[in-house]
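Trainee: make a model of this:
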Amino acid sequence: MNQEEFYGKIPEWIAQDRAKWNHITLMAYFCHKYELKNGTKFRLVRWKMDPGKGKESRDFSKLIEIFLPEKYEELSTEEKKSYKTNVIQKIYNYINWMFDYKFRSGDKSVTGTQLFLMPSMINEFERMYSSFIQKSLSKDNFGVFIDSIKRDFSDIFDNHQIDEVSDLKILERYVENYKLPLDSIEAIVVAKAKKMEII
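Mentor: Sure thing, here's the model as predicted:
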């Protein structure tokens, strides 16, 4: 396969479910983002007629190893599959972060795959990714909480607005200031929010 044939395959490969992606698909996605950003194809170095044997695919293979847990080899087949899928998704986000956030403007730009292996880049991304995941989990948790309140304590919405976490904090102060009994609907909802670690 020459580079032109490889580029012809990229749209088909990156359209696959990410559970089927590997280091070669990640390299293809990198090339796709590079072309979108720069208006020119990324020139792969030391091309060996096999997309899995070049420097860039080896860089993404190393990156997968970096993001996998230390005891990955000791995990069950199902656990390995789950971790691998999560790591592929994480690297997909890492590529997007690098092109769309870290180097979205200014003189500096993404010039190669080696950049993705730099500890400073990995650590900066890890901090941001962890924060993003925590916010997503918190948002999901809040959604589950609201669904349960609508199902079990829908009367509370007659007198109180609960659209976001800050509304629950106001409700918590309301319960405290008016010393509402523990069996009041407001106190029950606040207690449930605390139990689910929403507030």
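Trainee: the worst-scoring helix or strand of the chain on mean pLDDT: how far from the chain's middle?
Mentor: When the helices and strands of the chain are scored by mean pLDDT, DSSP states H and E, helix 119-152 comes last with a mean of 84. How far helix 119-152 lies from its chain's middle: 10 Å, per Cα atoms, centre = their mean, to the nearest Å.
Trainee: ok, stretch 15-29 next?
Mentor: Mean-position distance between stretch 15-29 and its chain equals 16 Å (Cα atoms, centre = their mean).
Trainee: same thing with stretch 148-165?
Mentor: 30 Å.
Trainee: got the contact list for it?
Mentor: Applying Cβ atoms under 8 Å, 6 or more residues apart in numbering, the contact partners of stretch 148-165 are 138, 142, 146, 167-168, 171, 174, 185-186, 188-189, 192, 198-199. Just so you know, the C-beta spots here come from the backbone N, C-alpha and C atoms, and that holds for glycine as well.
Trainee: could you dump those to CSV with distance to residue 157?
Mentor: Shown next, in CSV, are the contacts of stretch 148-165 (distance: Cβ to Cβ, whole Å):
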residue, distance to residue 157
138, 21
142, 15
146, 10
167, 11
168, 13
171, 11
174, 15
185, 10
186, 12
188, 14
189, 10
192, 14
198, 16
199, 18
